[in-house]
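Colleague: generate a structure from the sequence data that follows.
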Amino acid sequence: MAENYPRGTKELRGSFFNTHGPAYTMSWFSEHGVPLKIEEDGRVFPMSDNSSSIVDCLLSEARVRGVSLESGKAVSAASVRDDGKFLLKVLNRGADAPEYVETTYLLVATGSSQQGYSLAAHLGHSIVDPVPSLFTFKVNDPLLAELEGVSFSKVQAKLKLEVAGSNVPSLTQVGPMLITHWGLSGPVILCLSAWGARYLFSADYKGLLIVDFIPDFNMEDVKSVIRQHKQRFPKQKVCNSYPPQLGLVKRFWRYVLSREVSTRFSRIWAALSNNSSSSISRLLKHCAFKVTGKGQYKDEFVTAGGVPLPEISLKTMESKLVPNLFFAGEVLNIDGVTGGFNFQNAWSGGYIAGTRIGELATTSNVFVG
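Modeller: Residues are numbered from 1 along each chain as shown. Below is the predicted model of the structure:
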């Protein structure tokens, strides 16, 4: 599990997921009336394919357990009194004056909201500057944009970045990829953006992406396949006839031809030079794209940054700096790759924090933000 968290890999290798890991989560939702399904890539979704099934289940269980949910309010400030209790300043939408809430225990679970970072900082914690993670890549290529919707079940993608003063590690991922009208998306791109989030931010989201569209073939195999196809279909047009074993679609094959190979679509295989055949092979195995930014929409799913993990005890989710202050979820400097890992982090952390607070006091009031 821990290997799927760019921020948190080292820290989460302990017992974090032992008591409330994926198996427990799946069992809990199934037992509470939400049947689940497992996709081929291992991701888990409700059978309804509707996120409201999860939300409704959680809200229903909160009502059953007598949890008081206060909506339309915002905690604008928090302080620790001399007796160790927390005093929260709560702004109520439509009210003229703020409300003040006193609580013995405080759990901050505010996601990537600035509100949570501000509260944590005011209470004495440092904050790792938040930057976007899990986003798509923008590529300015009109010919590529015409392939919108074309997907690949498996590619290998390498991201090369230049960041002054930084030794950028090798960023390589293997997985599905999707072509969009603004560039590239899909799990392989989202994972690259997660592992390279801070480097991409420093590089102003510009770099070079090298894609191997047929990673299960080595270069010599690709050349051999193309050579055999040429020998078998010499009179067929190159733009319409291509080796089916490569698993490509015609639209993408024509993109490959139009991009690098100096050949007209009317050219037949017999007229294709060996140099052109080699060029096609190289492009399929090492296709370069200039990344010019994040996807044009604000589609990042999570944020890298937040309260540093060394300031938190992951066994209880309690602050090491402020007694009875707890954190869970994305407000911490933990973020995972795509596939449900960020949900699991939030649920596991919330379970651990809630259990610890319950152990400390069963009657004291608890405010969760």
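
Colleague: need the contact list for Ser153.
Modeller: Residues in contact with Ser153 (CB atoms under 8 Å, 6 or more residues apart in numbering) are 176, 247. All C-beta atoms are positioned from the backbone trio N, CA, C, and that covers glycine.

Colleague: wasn't it part of a strand?
Modeller: Yes. Assignment of Ser153 by DSSP: H, G, I helix; E, B strand; the rest coil places it within a strand.

Colleague: pretty sure Asp216 sits against Phe152.
Modeller: No. Using CB atoms under 8 Å, Asp216 makes no contact with Phe152, being 11.8 Å away.

Colleague: just the helices in the stretch 201-350 of the chain please.
Modeller: 219-232, 250-259, 274-285, 341-360 (DSSP state H, counting those that start in this stretch).

Colleague: pick the most buried one from these.
Modeller: Stretch with highest mean neighbour count among the helices of the stretch 201-350 of the chain: helix 341-360 (a mean of 20; mean count of other CB atoms under 10 Å).

Colleague: what lies in contact with that one?
Modeller: In contact with helix 341-360 (CB under 8 Å, 6+ apart) are residues 1, 4-5, 8, 16-17, 19-22, 25, 105, 107, 109, 301-302, 314-318, 324, 326-330, 332, 334-336, 366.

Colleague: which of those are buried, as a ChimeraX select command?
Modeller: Buried members of the contacts of helix 341-360, defined by 16 or more other CB atoms under 10 Å, are picked up in ChimeraX with:
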select :1,4,5,8,16,17,20,22,25,105,107,109,302,314,317,318,324,326,327,328,329,330,332,334,335,336,366
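
Colleague: so which of the contacts of helix 341-360 belong to strands?
Modeller: If you go by DSSP state E, the contacts of helix 341-360 have 105, 107, 302, 318, 326-327, 366 in strands.

Colleague: tell me which of Asp216 and Phe152 has more neighbours.
Modeller: Legend: neighbour count by other CB atoms under 10 Å for Asp216 and Phe152, higher for Phe152 (20 against 10).

Colleague: and the ones in strands among the contacts of helix 341-360, which is closest to Lys290?
Modeller: Nearest to Lys290 among the ones in strands among the contacts of helix 341-360: Val302, at 25.5 Å, using CB to CB.

Colleague: surely Thr292 meets Asn140?
Modeller: Yes. Between Thr292 and Asn140 there is a contact under CB under 8 Å: 5.3 Å.

Colleague: okay, the two: which has more neighbours?
Modeller: Thr292 (16 against 13).

Colleague: and the pLDDT at that one?
Modeller: With respect to pLDDT, Thr292 has a value of 95.

Colleague: what of the one 10 residues further on?
Modeller: With respect to pLDDT, Val302 has a value of 88.

Colleague: distance check, Leu200 against Val174.
Modeller: 19 Å (CB to CB, to the nearest Å).

Colleague: ok, back up a step: how about a markdown table for the helices of the stretch 201-350 of the chain, with distance to Gly207 and mean pLDDT added?
Modeller: A markdown table is the format used below for the helices of the stretch 201-350 of the chain (distance: least, CB to CB, whole Å; pLDDT from 0 to 100):
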| stretch | distance to Gly207 | mean pLDDT |
| --- | --- | --- |
| helix 219-232 | 24 | 95 |
| helix 250-259 | 19 | 92 |
| helix 274-285 | 19 | 92 |
| helix 341-360 | 24 | 93 |
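
Colleague: which of the ones you listed sits closest to Pro243?
Modeller: Comparing the helices of the stretch 201-350 of the chain against Pro243 with CB to CB, the closest turns out to be helix 219-232 (4.5 Å).

Colleague: between Leu200 and Val174, which one's more packed in?
Modeller: Legend: neighbour count by other CB under 10 Å for Leu200 and Val174, higher for Leu200 (29 against 14).

Colleague: got the contact list for Gly295?
Modeller: Counting by CB under 8 Å, 6+ apart, the residues that Gly295 touches are 135-138, 180, 182-183, 185.

Colleague: good, we can wrap up now.
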